[in-house]
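> what's the 3D shape of this:
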Amino acid sequence: MKFVLLFGPQAVGKMTVGQELEKITGLKLFHNHMTIELLQPFFGFESEMWRLSTHFREEIFKSAAKSNMDGMIFTFVWAFNLQEDWDFVENTCKIFREKGADIYFAELEAEVEERVLRNNTPNRLKHKPTKRNVNHSEQELLRSLETYRLNSLPDEVDIENYIRINNTHMTAEEVARKIKEEFLL
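Below is the predicted model:
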């Protein structure tokens with residue numbers, strides 16, 4: 001079992017890279033909006049939606065970790081200045097680690113201008129209905145820069161299998177190949 005945590009700020013390309021990585025590795029993609037899109041119509045973006053989303057994700061992780069699948073790719077917007085995000089990542093890794101999984105972290109970063117452009121790509125909007133109000137989504141993306149630190153500091157991520165990629169000028173296919181080659185997936 002392999003668990004790949006693919007993280008970075010909004011619209012950096014996590015899901016799209018994950019889709020390409022799934023194609024070339026056979027690992028299953030579980031992008032973070034799969035639970036968000038399920039729950040948001042019922043609860044909006046209130047705390048109950050986030051509580052249930054975390055619960056659903058943990059249950060899916062537990063089932064995946066004990067399954068016969070080769071592995072999973074999970075995308076996540078990690079706010080490094082929020083302890084609850086650190087706790088979520090640690091708990092998630094623990095679920096997989098306890099079942100003997102190999103764990104890999106791939107961090108993406110891109111210039112804000114590029115992320116704003118990517119915010120309204122057809123693939124993103126197809127898979128993430130809550131992002132279809134592009135104006136609102138863009139405002140949230142820019143507003144988050146004032147509140148959250150969505151990329152790590154040097155040496156902050158302390159895991160053996162870690163790569164950080166600035167994908168501002170790279171295609172999703174190039175990034176996925178780089179991750180696959182780095183981790184021998």
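
> all contacts plus neighbour counts: C-alpha atoms, from now on.
Noted.

> F80: helix or strand, and which one exactly?
Following DSSP states H and E, one finds F80 outside all helices and strands.

> tell me how many other residues crowd the nearest residue to it once chain neighbours are set aside.
Computed as CA to CA, 6 or more residues apart in numbering, the closest residue to F80 that is not its neighbour in sequence is R149, at 5.5 Å. For R149, the count of nearby residues is 16 (other CA atoms under 10 Å).

> what's the single longest helix in this protein?
helix 47-65 (DSSP state H).

> ok, residues contacting that one?
Helix 47-65 is contacted by residues 1, 35-36, 39-40, 42-43, 71-72, 92, 95-96, 99, 101 when judged by CA atoms under 8 Å, 6 or more residues apart in numbering.

> before we move on, back to that, is the residue nearest to F80 in a helix, a strand, or coil?
Assigned state for R149: coil (three-state reduction, DSSP: H, G, I helix; E, B strand; the rest coil).

> got it, and the one 3 residues further on?
In three-state terms, and counting by three-state DSSP, S152 is coil.

> show the pLDDT at L27.
What the model reports as pLDDT for L27 is 98.

> identify the residues contacting it.
Counting by CA under 8 Å, 6+ apart, L27 makes contact with 2, 21, 69-73.

> go with 6 Å
By CA atoms under 6 Å, 6 or more residues apart in numbering, the contact set of L27 is 70-72.

> please, which helix or strand holds the residue most central in space within the chain?
Nearest residue to the geometric centre of the chain (CA atoms, centre = their mean): T75, 1.7 Å. Using DSSP H and E, T75 falls within strand 71-76.
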